[in-house]
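# from the sequence below, what's the structure:
(chains A and B)
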Amino acid sequence: MYSISQGSIGQGFSRVLHKLDQSLFNQSGLQGFIEPLIQTCRPGWQFNGFRSRIVSICQNDAFTHTYTLRPPKSWPGFEAGQFVELSVEVDGARISRMFSISSSPERFRNEGVIDLTIRQVSSGKLTGVLCNIVGSGSWVSISAAMGDFTLTTDVRPILMIAAGSGITPMHSMLQSLHARGSRCPVRLMYYGRQGQWLLKDSLDALAIADPNFTVHYLDTEKDGYCCRRQLVEICPDALDHQAYVCGPPSLMNDALTLLSHAGIPSDRLHHEYFQPVMPSNQQEGAAATVSFVRSGKTVAVEGNSTESMLTLAEGEGLRPTAGCRMGICHQCSCQKQRGVVRNLRTGQLSDAGAGKVQLCISQPVGDVVLDL
Amino acid sequence: MASLSTLATYNNNYSENPVSGNAPSSAIHFDQLASDLDAIREEQRKLIGEQDARYIRRIVRIQRCAEIAGRIALMLGFLQPLFWVFGVLSLAVSKILDNMEIGHNVLHGQYDWMNDPYINSHVFDWDNACDSGSWKRVHNYEHHTFTNIVGKDRDYGYGLFRLSDDIPWRPKNRWQVVPYILLSSLFQWGVAYHELAAERVFFGKKKAGRESHVSAKQLKQAFFRKGGRIIFKDYVFFPLIAGPMWLPVLVGNFLANLLRNLWTSTIIFCGHFTEQAQAFTESECQNESRGQWYYRQMLGSSNLTGRRWFHIMTGHLSCQIEHHLFPDIPAHRYVAMAPKVEAVARQHGIPYNTGPFGAQYRTVLQRLFRYARPPQKDTLCTTE
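The predicted structure follows:
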């Protein structure tokens, strides 16, 4: 009884504080009120983020860089395999994208730094320009670590299947296992094209240092994609393993199907989907789907359809706020989670990541997910 | 293509007189006009970036400092009365900046591209009795889409003043200077009540054919919630924490609000009520093309000339024409766009209405008094 009344007093008090906050500072609250003032002496400061300094940048290959960051003391740390949301100001706009941490928690505990290994996507709003706009000493903002693609306490041997930048969370896990002195046998099947295996030097060094870890580089052009023959050759006893899969959706679907057919139960089958890579794979005029996440609806769009997303939403029975329907009043502006859209006024294509769109003047190009 | 009627204004700027240099609307190539103005817009849109982010953050910082300094100075009035005077002025400036250069422009979505968690049209709310959601509906949507269309754009007279011959004369119009002064003095409440008046929430029968986007209950809730917060902040909280200085603080807040109300209402009235600004009927604007929409925006708006500080203090509503053509381009860019827009106007023979503040405001007052009188008396008036 005592604790309930304490709780409701506490709740009541915080509600009063909240009302006071809104009244004095309008919607933005105290944080929104003083954030621009703090930014005078601390550029890039954000209340909802952890302001981190870039300690060094290392180029891995023509399109990939590893950024070493020092998060502030208030950053709560992470588990191997987790990711953060990185926010950087690109020409006045704050762009945020998710990246897996490629270094180990042990290194963070010892040195206070984390690595983000980022591959450039040609038309990416962030990755496309990141190496040009930040340098050693720049400030960026990261979120708390997120994700449940992490190591477990299970002692079974580990099978990892990765492709492209899907190696980054696994690299963190491998570094962590090595730092802990784990004797757990680990087998890694890493798919890539000749010369395009990220962090290969680091993986080779780990393989030399740790006899329990073996890495198999598979060239997709020569060996093809994930198939049963490769699995049987490299890991005949997959059934007894815990499996970790991360990479492009096509590889992941193949690998997950393969592994569950091999008898690995779903609680030992860990996987993480990255955001889809676009838009060079997207064909304009191809059929697509628009998903409205909050309403749980999806609509299929025919190729060469000229309907705006506002019309599509209304056709599904949704009633998003709308106004002038000609791109002037911004009443229909809403958040796009991912996907490419074309601006019907200017003909311009957006990038594939998160951002605001005006429904009445946007047309989907490929699959789009809206926060509606 | 609809031709504009001669209901336009008393001093019909839209004349067929070749000496005035203005083309009749039948002679205007609307598609070409649309493409010329779109080109100006696109040119500016490509330049939007870090410069604009830095600019709006600087204005926000100045506004914060002016508000903090103003509120503290009001409380320190007991040390020196001039502190109190400074406090009133500083607080008034902070409210003006918050409402005009920051609030009005941010709520238009001009800075949404920044992805800032606070400086965006979805989250931002201003130091004004008007609920931001209501403002976005009646201003961004209704006013900007149906600009100066009598019967559709309630901003044209606010349902209180008769400003053209399109509205039939009633005896109450004779005294319309009284509601004018009242509205100007209590402008933040007028703006807050604007949508509720349109929706006939408290008085009157709902207008047929009016589209409601929210229910009367939601409107009332938002009105009382926001109004309550504003009253609490300026007339309860700050006087309370001032202790013995409560009365000077309360009076100071009242005066700061009054100064803001008078300034913002005056600038806003100069935007569409000057002599040369034209009004339109609904039928004339059916099935408007993009070029025709641009044309109506140009004819319905007027600019004010002035120094840089003046433009900032008006929230760049001094460039009302550019604002109406390009409402979602960051407003500080309008000054650079104005000469190009004026050149396009000249090329197409479209009037470009601009002038110094004093002269433009005088015509607003003249208009107010002119249409206060019944129509038959108009023919006896001589032109200026």
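
# find the nearest non-adjacent residue to whichever residue of the stretch 1-150 of chain A sits closest to chain B, please.
The stretch 1-150 of chain A approaches chain B most closely through residue A:92 (3.2 Å), counting by C-beta to the nearest C-beta. Using the backbone N, CA and C atoms, a C-beta is placed for each residue, glycine as well. The shortest distance from residue A:92 to any non-neighbouring residue, by C-beta to C-beta, 6 or more residues apart in numbering or on different chains, is to residue B:53 (3.2 Å).

# try residue B:196
residue B:219 (5.5 Å).

# for the helix or strand containing that neighbour, buried residues please.
Here residue B:219 sits within helix B:216-232, counting by DSSP states H and E. Using 16 or more other C-beta atoms under 10 Å in any protein chain shown as the test for burial, helix B:216-232 gives B:219, B:222, B:223, B:226, B:227, B:229, B:230, B:232.

# hang on, the earlier thing: any idea how many residues pack against the residue nearest to residue A:92?
Residues near residue B:53, counting by other C-beta atoms under 10 Å in any protein chain shown, number 21.

# any idea of the mean pLDDT in the helix or strand hosting it?
For residue B:53, the host element (DSSP H and E) is helix B:50-75. The predicted model assigns helix B:50-75 a mean pLDDT of 96.

# and it, what does it pack onto?
Helix B:50-75 sits against helix A:29-41, helix B:81-97, helix B:246-272, with contacts defined as 3 or more C-beta pairs under 8 Å, 6 or more residues apart in numbering or on different chains; DSSP states H and E.

# mind putting those into CSV with mean pLDDT?
Formatted as CSV, those follow (pLDDT from 0 to 100):
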stretch, mean pLDDT
helix A:29-41, 89
helix B:81-97, 97
helix B:246-272, 94
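
# in the stretch 151-300 of chain A, what residue comes closest to chain B?
Going by C-beta to the nearest C-beta, chain B is nearest to residue A:294 of the stretch 151-300 of chain A, at 14.8 Å.

# isn't that residue right up against residue A:371?
Yes: proximity of residue A:294 to residue A:371 meets the contact threshold set by C-beta atoms under 8 Å, at 6.3 Å.

# spell out which parts of chain A neighbour chain B.
For chain A, the contact set with chain B under C-beta under 8 Å from any C-beta of the partner chain comprises A:20, A:22-24, A:26-28, A:31-37, A:39-40, A:46-48, A:89, A:91-96, A:321, A:323-324, A:326, A:328-331, A:333, A:346, A:355-356.

# point out where chain B drops to low pLDDT.
Applying pLDDT under 70 to chain B flags residues B:1-25, B:208-210, B:377-384.

# residue nearest the middle of it, spatially speaking?
residue B:268 (3.9 Å; C-alpha atoms, centre = their mean).

# and it, what does it touch?
Shown in contact with residue B:268 (C-beta atoms under 8 Å, 6 or more residues apart in numbering or on different chains): residue B:317.

# tell me where the stretch 101-250 of chain B has helices.
Secondary structure of the stretch 101-250 of chain B (DSSP state H, counting those that start in this stretch): helices at B:105-107, B:132-135, B:144-145, B:177-185, B:187-198, B:216-232, B:238-241, B:246-272.

# nearest to residue B:370, of those helices?
Of all the helices of the stretch 101-250 of chain B, helix B:177-185 sits nearest to residue B:370, with 11.7 Å by C-beta to C-beta.

# give me the contacts around the closest one.
B:158, B:160, B:161, B:190, B:258, B:261, B:262, B:265, B:266, B:368, B:369, B:372.

# swap in stretch A:362-372?
Contacts for stretch A:362-372 (C-beta under 8 Å, 6+ apart): A:276, A:278-279, A:282-284, A:286, A:288-295, A:301, A:305-309, A:312-313, A:318, A:320, A:334-344, A:349-350, A:357.

# cool, stretch A:124-138 as well?
Applying C-beta under 8 Å, 6+ apart, the external contacts of stretch A:124-138 come out as A:53-57, A:59, A:65, A:67, A:86, A:88, A:90, A:95-97, A:118-122, A:140, A:351-353, A:355.

# buried ones in it?
For stretch A:124-138, the neighbour count (16+ other C-beta under 10 Å) marks A:124, A:125, A:126, A:127, A:130, A:131, A:134, A:138 as buried.

# what separates that stretch from the chain centre, distance-wise?
With C-alpha atoms, centre = their mean, to the nearest Å as the basis, stretch A:124-138 stands 17 Å off its chain's centre.

# could you dump the helices and strands packed on helix B:50-75 into TSV with distance to residue B:150 added?
Listed next are the helices and strands packed on helix B:50-75 as TSV, based on distance: least, C-beta to C-beta, whole Å:
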stretch	distance to residue B:150
helix A:29-41	40
helix B:81-97	30
helix B:246-272	12
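
# between those, which one is nearest to residue A:250?
helix A:29-41 (42.0 Å).

# what's the neighbour count on residue B:303?
Residue B:303: 24 surrounding residues under other C-beta under 10 Å.

# filter the residues of chain A next to chain B down to the buried ones, ChimeraX style.
Listed next is the ChimeraX selection for buried residues among the residues of chain A next to chain B, using 16+ other C-beta under 10 Å:
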select /A:20,22,23,24,26,28,32,33,34,35,36,37,46,89,91,92,93,94,95,96,321,323,324,328,329,330,331,333,355,356
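
# in strands, which of the residues of chain A next to chain B appear?
A:89, A:93, A:94, A:95, A:96, A:333, A:355, A:356 (DSSP state E).

# the spatially closest residue to residue B:246 that is not a sequence neighbour and residue B:248: what is the separation?
Spatial nearest neighbour of residue B:246, chain neighbours left out: residue B:239 (4.0 Å); criterion: C-beta to C-beta, 6+ apart. Counting by C-beta to C-beta, to the nearest Å, the gap from residue B:239 to residue B:248 is 9 Å.

# next: residue B:115.
Distance, residue B:115 to residue B:248, using C-beta to C-beta: 42 Å.

# may I have stretch A:296-314 exported as PDB, CA atoms only?
Included here for stretch A:296-314 are C-alpha records, laid out as PDB according to Å, rounded to 0.1, in the frame of the first residue of the first chain:
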ATOM      1  CA  GLY A 296      -0.300  -3.000 -40.600                       C
ATOM      2  CA  LYS A 297      -1.300  -2.600 -44.200                       C
ATOM      3  CA  THR A 298       0.600  -3.200 -47.400                       C
ATOM      4  CA  VAL A 299      -0.500  -2.300 -50.900                       C
ATOM      5  CA  ALA A 300       1.000  -3.600 -54.100                       C
ATOM      6  CA  VAL A 301       1.800  -1.000 -56.800                       C
ATOM      7  CA  GLU A 302       1.900  -1.900 -60.400                       C
ATOM      8  CA  GLY A 303       4.900  -1.000 -62.500                       C
ATOM      9  CA  ASN A 304       4.500   2.400 -64.200                       C
ATOM     10  CA  SER A 305       1.800   3.400 -61.800                       C
ATOM     11  CA  THR A 306       1.600   7.200 -61.500                       C
ATOM     12  CA  GLU A 307      -0.300   7.300 -58.200                       C
ATOM     13  CA  SER A 308       1.100   9.300 -55.300                       C
ATOM     14  CA  MET A 309       1.500   7.600 -51.900                       C
ATOM     15  CA  LEU A 310      -1.300   9.800 -50.600                       C
ATOM     16  CA  THR A 311      -3.700   8.300 -53.100                       C
ATOM     17  CA  LEU A 312      -2.400   4.800 -52.400                       C
ATOM     18  CA  ALA A 313      -2.900   5.300 -48.600                       C
ATOM     19  CA  GLU A 314      -6.400   6.600 -49.100                       C
END
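
# coming back round to it: which two among the buried residues of stretch A:124-138 are spaced furthest apart?
Farthest pair in the buried residues of stretch A:124-138 (C-beta to C-beta) is A:124 and A:138. Separation: 18.1 Å.
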